[in-house]
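*Asks:* fold the following and give me the result.
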Amino acid sequence: MTTDATGTGVTEQAVASLRATPDPRLRELLTALVRHLHDFARETRLTQGEWERAIAFLTATGQTCTDTRQEFILLSDVLGLSMLVETVHGDRAPGATESTVLGPFHLTESPVRELGDDIDLVGGGEPCVVSGRVRSADGTPLPGAVVDVWQADDQGYYDVQQPGVQPAGNGRGLFTADAEGRFWFRTCVPAPYPIPTDGPVGELLRATGRHPYRPAHIHFIASAAGHAPVTTHIFVAGDDYLDSDAVFAVKESLVQDFAETDDPSLAREFGVPNPFRHARFDLVLEPAP
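*Replies:* This next block holds a predicted model:
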């Protein structure tokens with residue numbers, strides 16, 4: 001039992017109940033979570049009504065999740081938690097590609113594609129080629145590296161947001177780097193877009209006076225044998241939302257020029273109309289610990 005006005009006794013009892021947790025890391029995480037949650041309630045003098053509203057919000061967040069929508073990841077993103085977790089574990093070898101958030105739309109398996117394939121299955125956007133090399137932090141090319149790519153279309157929608165409008169797999173591709181670690185694919189220049197606002201996360205943004213926009217970007221996960229995988233983006237240089245990304249995910253090293261290229265010979269080589277936009281971006285992995 002506890003009779004102290006601050007509820008410290010409740011906190012200590014809750015923490016004590018975790019001492020027999022067999023997994024030491026789970027015990028550490030839950031103990032810290034309980035202490036921080038209880039301190040938050042004391043610091044803010046959380047009311048019963050506010051607690052009930054928070055429970056209802058979290059319940060609605062879970063109920064909004066589907067096979068193609070992850071509202072909890074979105075909530076983590078807009079609170080900056082996703083980016084904080086990336087940053088806390090973001091120490092990488094000098095020159096290695098910086099990581100950023102996974103985002104809520106990596107929910108379907110990317111279709112395997114050949115190098116040079118077009119992932120824009122709808123067309124209509126500004127033609128673009130993305131090319132680069134996967135290499136180790138010491139500069140060694142990584143042949144056979146796997147590059148998973150996904151992006152929104154030129155209107156700012158992912159395929160899973162528009163079933164029946166976009167074909168499944170639009171804007172997605174799973175590529176294998178060639179013998180020199182090179183990868184390249186065709187697509188359209190992505191557009192900035194609002195994250196979904198028709199659920200609890202949208203209500204939170206409106207309540208806090210925040211805009212929902214993300215700057216234009218393409219997602220990557222690169223992996224290779226003997227190396228730590230990296231989850232990252234490339235952002236389109238000059239985008240209006242680079243300084244106010246709704247999920248706080250922009251890093252300066254990931255902002256790339258999607259250069260307008262007027263080169264008929266290169267356009268023929270890539271199989272795109274001339275002129276076109278060309279983004280060059282190397283994915284540099286650090287050896288696995």
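
*Asks:* counting neighbours, what do you get for Ala145?
*Replies:* Neighbours of Ala145 under the rule other CB atoms under 10 Å: 25. For the C-beta atoms, the positions are set from N, CA and C on the backbone; glycine is no exception.

*Asks:* now do the helices in the stretch 51-200 of the chain.
*Replies:* For the stretch 51-200 of the chain, the helices defined by DSSP state H, counting those that start in this stretch cover 71-78, 81-88, 200-207.

*Asks:* compare those helices and say which comes out lowest on pLDDT.
*Replies:* For the helices of the stretch 51-200 of the chain, mean pLDDT drops lowest on helix 81-88, to a mean of 92.

*Asks:* and that helix, what does it pack onto?
*Replies:* Contacting helix 81-88 under the criterion 3 or more CB pairs under 8 Å, 6 or more residues apart in numbering; DSSP states H and E are the following elements: helix 71-78.

*Asks:* contacts for the helix it packs on, please.
*Replies:* For helix 71-78, the external contacting residues (CB atoms under 8 Å, 6 or more residues apart in numbering) are 61-62, 64-65, 82-83, 101-104, 195-196, 199-201, 204-205, 210, 246-249.

*Asks:* try 10 Å
*Replies:* With CB atoms under 10 Å, 6 or more residues apart in numbering as the contact definition, helix 71-78 has outside contacts at 57-58, 60-65, 70, 81-85, 101-107, 195-197, 199-202, 204-205, 208, 210, 212, 214, 245-249.

*Asks:* buried ones among those residues?
*Replies:* 61, 64, 70, 82-83, 101-106, 195-196, 199-202, 204-205, 212, 214, 245-249 (16 or more other CB atoms under 10 Å).

*Asks:* circling back: of the helices of the stretch 51-200 of the chain, which approaches Glu50 most closely?
*Replies:* Among the helices of the stretch 51-200 of the chain, helix 200-207 comes nearest to Glu50, with 13.0 Å by CB to CB.

*Asks:* quick one: low-confidence parts of the stretch 1-150 of the chain?
*Replies:* The stretch 1-150 of the chain contains residues with pLDDT under 70 at 1-5, 90.

*Asks:* in it, which spans are strands?
*Replies:* 127-136, 146-150 (DSSP state E, counting those that start in this stretch).

*Asks:* same list, these, but as CSV with mean neighbour count please.
*Replies:* As requested, the strands of the stretch 1-150 of the chain are exported to CSV (neighbours: other CB atoms under 10 Å):
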stretch, mean neighbour count
strand 127-136, 23
strand 146-150, 21
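
*Asks:* export the ones you listed to TSV and tack on distance to Phe40?
*Replies:* What follows is the strands of the stretch 1-150 of the chain, written out as TSV (distance: least, CB to CB, whole Å):
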stretch	distance to Phe40
strand 127-136	43
strand 146-150	35
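
*Asks:* among those, which is nearest Ser253?
*Replies:* Ranking those by proximity to Ser253 (CB to CB) places strand 127-136 first, at 13.7 Å.

*Asks:* next, the angle strand 146-150 makes with the closest one.
*Replies:* 140 degrees (axes from the mean of the first three to the mean of the last three CA atoms, to 10 degrees).

*Asks:* now do strand 127-136: distance to the chain's middle.
*Replies:* Strand 127-136 sits 19 Å away from the centroid of its parent chain (CA atoms, centre = their mean, to the nearest Å).

*Asks:* how about the nearest residue to Thr6, chain neighbours excluded?
*Replies:* Of all residues not flanking Thr6 in the chain, Arg42 sits nearest, at 6.0 Å (CB to CB, 6 or more residues apart in numbering).

*Asks:* residues in contact with the one you found?
*Replies:* Residues near Arg42 by CB under 10 Å, 6+ apart: Thr6, Gly7, Thr8, Thr11.

*Asks:* ok, Val112 next?
*Replies:* Counting by CB under 10 Å, 6+ apart, Val112 has contacts Val146, Gly173, Leu174, Phe175, Thr176.
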